[in-house]
Structure formats: C-alpha cells, structure tokens
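# Give me a 3D structure for the following:
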Amino acid sequence: MDLKNFLESFNILGKCKRYGLSPWQCPQFLFLVMGIVIILSEFVFYFLGSYYIKDPKIVVLVISGLTGILFIIAFTIVKGFENLAESNRMKSEFINIVSHQLRAPLSNLSWTIELIMSGRLGKIEAGQLEYFKILRENNGRMKDLVSDLLTVSRLQSANLSAREKPFSIGEITTEAIKSFSPYAKASNIEIKTNFEKNLPEIFASPEQVKMVIENLLDNAIRYTKGKGKIEVSIGKENNSVLFSIKDMGVGIPKNDQKYLFQKFFRSENAMKRQTQGSGLGLYIAKSIIENSKGKIGFASQENIGTTFWFALPINKK
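Alright, predicted model coming up:
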C-alpha cells in the first residue's frame, strides 16, 4: 500500500461521500464512534473492577479480553455494512452509466420515428402508421424510465441540482395543472382546486417541487378509472405550507401501504389493472420533499380513493 492509499484509508468523511451516505449511516464513521464508546466503557469497567476485584492483574486481563471481543464484533458488523454500502454504490453507478448510455439512442430513435411518421421520407400506409404509433409510445415509456433512473441515481449520490429560492407553490401548481389538463380531459376527469388566499412563499427548489406535484397529478389521473374528480388543495398549517391531492381512484390495499415509497414498488391492484408505471415516482417524491426539510404522507382506502400530501416549511429568509 503506497502512502496515498494509506492516508486515504483515514479519510472517513471522503468515504462517506463516496458511498453517498451521511456520517451517521457511514460504516467507517460508525466504527470510529463504536471504538470511542468501547474505549470509554473499558475505563468505566476498569474502575468498577478495581473496586470489586482486589487483584489488578485479573482486572486488566478481563478488561483486555472484553475489549478485544468487542472490537472484533464491531469490526465484523461494520465490515458487513461496508460491503453493503459498496454494493449499493456500484449498483447506483451501474444504473447511472446504463441510463446515460441509453438516453442518446432512445432520443435518436424518437427523432427517427417522428421523421418517418411525418411522411417526408415517403408515404406511410394506415396499417404501418399504427405500428409506428405503438413504437413511439413504447419508446416514450423507455425514455421516462431512463429519466426516472437518472433522477434516482442523482438523488442517491446527492448530485441532483437544487437551486433553492423563495417561490409560490400555488403558481407552480397552477402551471402543472394547466399542462395536465388535456390528459385529464382525455381521461374524463375533472380537476378542482382549493387554494388558500395570500399563501406565504416556501424556500426550496421550484423545479424539484414541481416534479413532485406533476408526479402526484399523473398518479391521481392514471389511477382514477372512468369519470372521476381530483381535488388539489393548498393551505397554511403552522409553519408550513400544506399541499394535498385527493382522487377517486383504485386506492391502495392496506397490506401494500407500508411499501409505497420504496423503489420499484407497485401495489397489487395497480398491477392487476395493468396501469403503466416504473415504481420510482413516489420514491423520488419522498426523497425530494425530505431533502427540502419537509414531510410527505398519504391516506388511502381501496376502491374509494387516495389523498397524498406534503408539507414544506415557510420561507423565513
């Protein structure tokens, strides 16, 4: 081992950053803390042992043996966590690399499909056009999945840019609803709004918060079957601005609710209805809200509907 690698082994915070973990989740930092606790404990045991055991040699022998055993146990446990952290880091890097590599060919494929469907390269028969529409739709799904994977990778590595500033959540919600209106009308769904007047601004990344709102809107429309209604509400609650969206959708089975914010999870009834989705949207939403010092949650009843909500602190700057 050369000097550089030797010194790098003591760079605990650097390793934590490499794994994309906070110090209190980082194996090396936890091992350091456990070592300090063990050493302090040994001093306490020594003074207690000296009080109850007359022979100091026996006290030292017992304390030394206990210290060795505790360090071995701590090292074994932390080493296991380190292997898990390294495995998770490699998985995230793999997803990031593959997603980046897929992005360009999918975009090229999209442009090619649009060019062919435009008829500029020659006449397209009606039967052929239908196949190209299917191809375009599936290519769009792949691009959405790649985009979600890249977002997850950036969130885990803390590389998702967050230009935080004061802004009105009512304004970006109105913009999001406007962009989703054609989709809602095509699905025969009415979107109602209930915004409290004179809402205070919040301090976060408007782009990221808008991403959360769009995801919740998309889910509400997607999982509401037939003619339905969606209600979007925004109001002030204590020192936060509370956003909620209530739908009349399929709801979430009780047994599935504890897994809802996990990566790639999709509820059983959503799978049965063959509703499209990657299972990443809610994980991304939760990560963004919590990184913005907010809270997110939901209430749901199967076959009745679901209400998702999140609260973000009011701007005090």
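
# Any stretches of the stretch 51-200 of the chain with poor pLDDT?
51, 53-54, 59, 78, 80-101, 103, 153-154, 156-162 (pLDDT under 70).

# those helices in it, which residues are they?
In the stretch 51-200 of the chain, the helices defined using DSSP state H, counting those that start in this stretch lie at 56-117, 126-156, 169-186.

# again with the stretch 201-317 of the chain
For the stretch 201-317 of the chain, the helices defined by DSSP H, counting those that start in this stretch occupy 206-222, 268-272, 281-291.

# what would these look like in CSV with mean neighbour count, distance to residue 141 and mean pLDDT?
Where C-beta positions appear, they are placed from N, C-alpha and C, glycine not excepted. Below are these laid out as CSV (neighbours: other Cβ atoms under 10 Å; distance: least, Cβ to Cβ, whole Å; pLDDT from 0 to 100):
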stretch, mean neighbour count, distance to residue 141, mean pLDDT
helix 206-222, 21, 13, 89
helix 268-272, 14, 15, 63
helix 281-291, 20, 13, 87
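
# Kindly present those helices as JSON lines, with separate columns for distance to residue 313.
Conversion of those to JSON lines gives the following (distance: least, Cβ to Cβ, whole Å):
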{"stretch": "helix 206-222", "distance to residue 313": "12"}
{"stretch": "helix 268-272", "distance to residue 313": "32"}
{"stretch": "helix 281-291", "distance to residue 313": "11"}
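
# Would you mind telling me which of these is nearest residue 114?
For residue 114, the closest of the helices of the stretch 201-317 of the chain is helix 206-222, at 22.8 Å, according to Cβ to Cβ.

# between the closest one and helix 281-291, how many degrees?
150 degrees (axes from the mean of the first three to the mean of the last three Cα atoms, to 10 degrees).

# what packs against helix 206-222?
strand 165-167, helix 169-186, strand 228-237, strand 240-246, helix 281-291, strand 305-313 (3 or more Cβ pairs under 8 Å, 6 or more residues apart in numbering; DSSP states H and E).

# Just the buried positions in the shortest one, please.
Right, strand 165-167. residue 167 (16 or more other Cβ atoms under 10 Å).

# Residues contacting that strand, please?
201-206, 209, 315, 317 (Cβ atoms under 8 Å, 6 or more residues apart in numbering).

# That strand pairs with which strands, and in what direction?
strand 202-204 (antiparallel) (DSSP bridges).

# pLDDT of the strand it pairs with, averaged?
In this model, strand 202-204 carries a mean pLDDT of 88.

# Verify the stated contact: residue 296 with residue 285.
Yes: assessed by Cβ atoms under 8 Å, residue 296 is found in contact with residue 285 at 6.5 Å.

# any idea how far residue 286 is from residue 311?
For residue 311, the distance to residue 286 (Cβ to Cβ, to the nearest Å) stands at 13 Å.

# no no, residue 301
Distance of residue 301 to residue 286, given as Cβ to Cβ: 21 Å.

# repeat for residue 42
Here the criterion is Cβ to Cβ. By it, residue 42 lies 42 Å from residue 286.

# do residue 257 as well
14 Å.

# try residue 220
Residue 220 sits 16 Å away from residue 286, going by Cβ to Cβ.

# What is the neighbour count of the residue nearest to residue 148 when sequence neighbours are not counted?
The shortest distance from residue 148 to any non-neighbouring residue, by Cβ to Cβ, 6 or more residues apart in numbering, is to residue 280 (4.2 Å). Residue 280: 21 surrounding residues under other Cβ atoms under 10 Å.

# For residue 20, give me the pLDDT.
Looking at residue 20, its pLDDT is 61.

# For the remainder of this discussion, apply numbering that starts at 37.
Sure, I'll start numbering at 37, so the last one becomes residue 56.

# So what touches stretch 342-353?
202, 205, 236-240, 245, 248, 252, 255-256, 259, 272-273, 275-283, 285, 287-288, 321, 325, 328-336.

# List the buried residues in stretch 333-346.
Applying 16+ other Cβ under 10 Å to stretch 333-346 flags 334, 336, 338, 341-346 as buried.

# Stretch 221-228 too?
Under 16+ other Cβ under 10 Å, the buried positions of stretch 221-228 are 223, 225, 227.

# thinking again about what came up before, filter the contacts of strand 201-203 down to the buried ones.
Buried subset of the contacts of strand 201-203 (neighbour count, 16+ other Cβ under 10 Å): 237-242, 245.

# Need the residues you listed in TSV (columns: distance to residue 186).
Formatted as TSV, the buried ones among the contacts of strand 201-203 follow (distance: Cβ to Cβ, whole Å):
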residue	distance to residue 186
237	29
238	26
239	26
240	21
241	16
242	20
245	19
